[in-house]
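Trainee: Sharing a model that was predicted from the sequence below.
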Amino acid sequence: MRAFSQLLDDLVYTRSRNTKLRLIGDYLKSTPDPDRGLALATLTGTLDIPFVKPAAIRALAEERIDPVLLRMSRDYVGDGAETISLLWPVPDGEPPELDDGTIRLSDAVDQLRSASKAEAPRVLGAMLDHLDSSGRYALLKLATGALRVGISARLAKQALADAFAIDVEGVEEVWHGLKPPYAELFDWGEGRAGQPIARDIPVFRPFMLAHPLDDTKVSLDDFAAEWKWDGIRIQLVHAGGETRLFSRTGDDFSGSFPDIAEAFATRGVLDGELLVRGTGQGVADVHGGAAASFNALQQRLGRKTVSKKMLNEAPAFVRLYDILFDGEEDVRALPWSERRMRLESFVARLDPERFDLSHLIAAESFEALEEMRGGARDEAIEGMMLKRRDSPYVTGRRTGLWYKWKRDPLTADCVLMYAQRGSGKRSSFYSDFTFGCWGEAGELLPVGKAYFGFTDAELKWLDKFVRGHTLERFGPVREVEKSLVLEVAFDSIHASKRHKSGLAMRFPRISRIRTDKPAAEADTIATLTALVT
């Protein structure tokens, strides 16, 4: 545990990407199995310890630490694991034995995994008693998976690949077919075995992504254009008699959409947009078929079980964009134009109620395409995709191959109502802002919350405003004077029964601080309601 806690400490205080790669790589090369594989699972968010959740840890901590002190300290520190690791009382007032390796990472995982729901907090507490603050911090991060040490799953995999001189794309290719502690990967990296192969299991393949178009103009002779729908991009995989639906980050949410999983029974791997039918929801049947708003799709996301009523009221379908595997044949190296022909042939064998093909946009010029994009908002479309006709399907964002051309955001002038401290590097600043618009009775009603869109200098200015204009305090939240107008940009707005205003913004961000505008002149709920899609 000592080496793992030192790794986390080093990662927290390192900003350099190359240094992070080296630190992780050195740890993986110097740490024995299975500890290094479990550490890799922790860094990539794939380690599952079922009965140690934040709520259980908080309850355990409140048995040893004054709850008021714990809450106030958490608000200041900004990280629950760090707060508990620093405040955890030493048994009998004596310093604990420093962890010298007597608590191995793998032993800790085995004990926590084998503990029942009732026993898990006691087991965790006993281990915390025999660790110093650094070890406690590492153990809590390990148990919850909420690392916040400035790395992504992709960076951890890249560090593995760099350390053992193997192909990171090869690691990604088989990642979802393997389980911690990833012995197969280390055997491959250290030359004891060949590269693992995923053939008869439905595994995730990394997505091809697009760069924002910005001010670039492209030739329609070289690029094809298609609509970008407002749903969830997914990957459909059928292999070995099983079907899986993966999100862009590789999360498996087949259980939330059993209707789609059951309907896709043809061997292959497809890329598309998950949507729900817009029948009866006021969305015109345009550009290939009616699709409801993202808000309608959101009702089904994250559900472990889906009722028959929901299946009937929000029937899902997939608008297909691309094909990665045609049967057992890997077609990713083919140019987009050839893959498109393969996809058209593949779609013809699927249920048309569940799968259709993304329509290509016919335009005489880039300027004509731009004009068509301007009217996209009225048709519940997120924007356009521009794909180079000779582009292979490659992992990540490659310059010059695919572009996303999103519609211009909507904006509204809102009044700042509440502010809350951030976490991590923002724990000392009020950086999460709730804002509202004026209702019919002249009251402010919350319409959204944003924590990005501003510069570091603007964050400091907003933090100073909050501290100087506080009316009430509710734990980490402050209510402020209703005098500051924020221009908020958002992609769309939807009706919502969960919010007092009856509205919910999608992807709100603060685009401008309007010190020039009186709060009384901010927008109204009626104005926003007119924008509902």
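Mentor: Okay, I see it. Just so you know, these numbers come straight off a predicted model, no measurement behind them.
Trainee: for the residue most central in space within the chain, what are its contacts?
Mentor: Computing the C-alpha centroid of the chain and ranking residues by Cα atoms, centre = their mean puts T249 first, at 6.9 Å. Going by Cβ atoms under 8 Å, 6 or more residues apart in numbering, T249 touches A153. Where C-beta positions appear, they are placed from N, C-alpha and C, glycine not excepted.
Trainee: so how far is I234 from it?
Mentor: Here T249 is placed at a distance of 11 Å from I234 (Cβ to Cβ, to the nearest Å).
Trainee: tell me the strands in the stretch 151-300 of the chain, going along the chain?
Mentor: With DSSP state E, counting those that start in this stretch as the definition, the stretch 151-300 of the chain shows strands at residue ranges 208-209, 211-212, 223-229, 232-239, 242-246, 268-276.
Trainee: nope, the stretch 301-450 of the chain is what I meant
Mentor: According to DSSP E, counting those that start in this stretch, the strands that the stretch 301-450 of the chain contains are 316-326, 329-330, 355-357, 381-388, 396-397, 402-406, 410-421, 430-438, 444-450.
Trainee: just to revisit the earlier point, nearest to P258, of the strands of the stretch 151-300 of the chain?
Mentor: Taking Cβ to Cβ, strand 242-246 is the member of the strands of the stretch 151-300 of the chain nearest to P258, at 9.6 Å.
Trainee: buried stuff in the helix or strand of the chain with the lowest mean pLDDT?
Mentor: One helix or strand of the chain scores below all others by mean pLDDT, DSSP states H and E: helix 294-298, with a mean of 74. Buried residues in helix 294-298, counted by 16 or more other Cβ atoms under 10 Å: F294, N295, A296, L297, Q298.
Trainee: Please name every helix or strand in contact with it.
Mentor: Using 3 or more Cβ pairs under 8 Å, 6 or more residues apart in numbering; DSSP states H and E as the contact test, the elements touching helix 294-298 are strand 268-276, strand 492-495, strand 503-506.
Trainee: Make a markdown table from the ones you listed and add mean neighbour count, distance to A225 and mean pLDDT to it.
Mentor: Converted to a markdown table, these look like this (neighbours: other Cβ atoms under 10 Å; distance: least, Cβ to Cβ, whole Å; pLDDT from 0 to 100):
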| stretch | mean neighbour count | distance to A225 | mean pLDDT |
| --- | --- | --- | --- |
| strand 268-276 | 24 | 15 | 95 |
| strand 492-495 | 18 | 21 | 85 |
| strand 503-506 | 21 | 24 | 90 |
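Trainee: Now distance to L139 too, for the ones you listed, in a markdown table please.
Mentor: Converted to a markdown table, the helices and strands packed on helix 294-298 look like this (distance: least, Cβ to Cβ, whole Å):
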| stretch | distance to L139 |
| --- | --- |
| strand 268-276 | 38 |
| strand 492-495 | 42 |
| strand 503-506 | 38 |
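Trainee: Quick one: closest of the ones you listed to T470.
Mentor: Smallest distance to T470 across the helices and strands packed on helix 294-298 (Cβ to Cβ): 24.8 Å, for strand 503-506.
Trainee: Now do the helix or strand just after the closest one against strand 444-450, angle only.
Mentor: Downstream of strand 503-506, the first helix or strand assigned by DSSP states H and E is strand 509-514. In terms of direction (axes from the mean of the first three to the mean of the last three Cα atoms, to 10 degrees), strand 509-514 departs from strand 444-450 by 120 degrees.
Trainee: quick one: strand 509-514 to strand 430-438, angle?
Mentor: Orientation note: strand 509-514 sits at an angle of 80 degrees relative to strand 430-438 (the same axes, to 10 degrees).
Trainee: Note down every partner strand of strand 509-514 and its orientation.
Mentor: Here strand 509-514 has these sheet partners by DSSP bridges: strand 485-490 (antiparallel).
Trainee: distance between the strand it pairs with and the chain's centre?
Mentor: Once both centres are worked out by Cα atoms, centre = their mean, to the nearest Å, strand 485-490 turns out to sit 23 Å from its chain's centre.
Trainee: swap in stretch 350-361?
Mentor: Relative to the mean C-alpha coordinate of its chain, stretch 350-361 is positioned 26 Å out (Cα atoms, centre = their mean).
Trainee: Buried residues, that stretch. List them.
Mentor: Taking 16+ other Cβ under 10 Å as the basis for neighbour counts, the residues of stretch 350-361 that come out buried are L350, R354, F355, D356, L357, S358, I361.
Trainee: where does the stretch 101-250 of the chain dip in pLDDT?
Mentor: When residues are selected by pLDDT under 70, those of the stretch 101-250 of the chain lie in 101-102, 148.
Trainee: roughly how far apart are the residue nearest to the centre of the chain and A41?
Mentor: In this structure, T249 lies at 16 Å from A41, with Cβ to Cβ as the measure.
Trainee: how about the strands in the stretch 1-150 of the chain?
Mentor: The residue ranges that make up strands in the stretch 1-150 of the chain, judged by DSSP E, counting those that start in this stretch, are empty, as it has none.
Trainee: Break the chain down into its structural domains.
Mentor: The record, using automatic domain parsing to delimit domains, assigns the chain the ranges 208-406, 410-529.
Trainee: Which one, of those domains, ends up nearest to A59?
Mentor: Among the domains of the chain, the nearest to A59 by Cβ to Cβ is domain 410-529 (17.5 Å).
Trainee: now the end-to-end length of that closest one.
Mentor: Domain 410-529 stretches 13 Å from its first residue to its last (Cα to Cα, to the nearest Å).
Trainee: centre of the chain versus that domain, how much separation?
Mentor: Taking Cα atoms, centre = their mean, one finds domain 410-529 lying 23 Å from the centre of the chain it belongs to.
Trainee: ditto for stretch 235-246
Mentor: Its chain's average C-alpha position is 21 Å from that of stretch 235-246, according to Cα atoms, centre = their mean.
Trainee: give me every residue that touches W461.
Mentor: When the contact criterion is Cβ under 8 Å, 6+ apart, the partners of W461 are I513.
Trainee: Please apply the same query to the one 5 residues further on.
Mentor: Contacts here follow Cβ under 8 Å, 6+ apart; on that basis V466 touches A419, Y430, R478, V480.
Trainee: do the same with L213
Mentor: Taking Cβ under 8 Å, 6+ apart, we find L213 in contact with L386, Y403, K404, W405.
Trainee: Among the residues you listed, which pair sits farthest apart?
Mentor: Using Cβ to Cβ, these span at most 7.9 Å, a distance reached by L386 and K404.
Trainee: any low-confidence regions in the stretch 351-500 of the chain?
Mentor: Applying pLDDT under 70 to the predicted model, the residue ranges of the stretch 351-500 of the chain that meet it are 376-380, 424.
Trainee: Just put the domains of the chain in TSV and tack on distance to L60.
Mentor: What follows is these, written out as TSV (distance: least, Cβ to Cβ, whole Å):
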stretch	distance to L60
domain 208-406	26
domain 410-529	20
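Trainee: Tell me, what's the model's pLDDT at the closest residue to L311 other than its chain neighbours?
Mentor: Of all residues beyond its chain neighbours, the one nearest L311 is D259 (5.7 Å), with distances taken as Cβ to Cβ, 6 or more residues apart in numbering. Reading off the per-residue confidence, D259 sits at a pLDDT of 92.
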